[in-house]
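Visitor: structure for this input, please:
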Amino acid sequence: MGELRAAWVPRVPELADGRWPQGTRAQIMDDWPGYDLSLFTYPQHYYGDLEYVLIPHGIIVDRIERLAKDIMKDIGYCDIMVLCVLKGGYKFCADLVEHLKNISRNSDRCVSMKVDFIRLKSYRNDQSMDEMQIIGGDDLSTLAGKNVLIVEDVVGTGRTMRALLSSIEKYKPNKIKVASLLVKRTPRSDGFRPDYAGFEIPNLFVVGYALDYNEYFRDLNHICVINEHGKEKYRV
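Guide: Have a look, this model is predicted:
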């Protein structure tokens, strides 16, 4: 498991089945063993709680830079309202917005970006709940007529994102795009795919890079797979 090698391979989308309508996908295969934890530094208070590193921090950052270029090319140089889904999406959103700003600054056309936040509750421990709970957030009517980019951490079954999109569409935004750092291959998926995805991963419960397990592991830079000891230790 300690061998340093590529964890993902960019693949051309297969449009015939309606999946991945634009861009390429970085797919981590089911048999990918991950990186040995000893190859990286991570908070000592999580020693014994993780199986392995699925995606190192450096690869995450590089992939987000590529996503920013794809988004800017697709959406064009128009004003964007970024809607960040908290809490798990905050690091992804911050890095993505920074790359979008850099692209805008280095071009001859300036793009105005505003960022708003919403919280969704769809997990208890490591299980997805049947219903999405919207917590906090401003009045969604402010999105009317805007070009909206929803930034999410993980798309699993797709039901949570479909519910959010349904809520937003009632206010008639000009355009809605979804960027998700991760997409899980799960038999429970309803077929929803974001417009932009960082990595397609196996059906694993992952933590780190602001993804949590009952509010723990957000301070972990890499995306890792939690082990059973960690789940039990932080269970609520």
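Visitor: CA only for contacts and neighbour counts going forward, please
Guide: Noted.
Visitor: which SSE is immediately downstream of the longest helix seen in the chain?
Guide: Using DSSP state H, we find that the single longest helix of the chain is helix 57-75. Sequence-wise, the next helix or strand beyond helix 57-75 is strand 80-86, with elements assigned using DSSP states H and E.
Visitor: could you list every helix and strand in contact with that next one?
Guide: For strand 80-86, the helices and strands in contact under the criterion 3 or more C-alpha pairs under 8 Å, 6 or more residues apart in numbering; DSSP states H and E are strand 113-124, strand 147-155.
Visitor: contacting residues for Leu220?
Guide: With contact set as C-alpha atoms under 8 Å, 6 or more residues apart in numbering, Leu220 has these partners: Tyr42, Pro43, Val207, Gly208, Tyr209, Ala210.
Visitor: hmm, 6 Å instead?
Guide: Residues in contact with Leu220 (C-alpha atoms under 6 Å, 6 or more residues apart in numbering) are Gly208, Tyr209.
Visitor: helix, strand or coil: sort out it for me.
Guide: Per DSSP: H, G, I helix; E, B strand; the rest coil, the local secondary structure of Leu220 is coil.
Visitor: distance of it from Ser167?
Guide: Between Leu220 and Ser167 the distance is 32 Å, computed by C-alpha to C-alpha, to the nearest Å.
Visitor: and the spatially closest residue to Leu143 that is not a sequence neighbour, how close does it get to Ile75?
Guide: Of all residues not flanking Leu143 in the chain, Pro173 sits nearest, at 5.7 Å (C-alpha to C-alpha, 6 or more residues apart in numbering). As defined by C-alpha to C-alpha, Pro173 lies at a distance of 14 Å from Ile75.
Visitor: equivalent analysis for Leu220, please.
Guide: With the distance defined as C-alpha to C-alpha, Leu220 ends up 32 Å from Ile75.
Visitor: now do Tyr46
Guide: Between Tyr46 and Ile75 the distance is 40 Å, computed by C-alpha to C-alpha.
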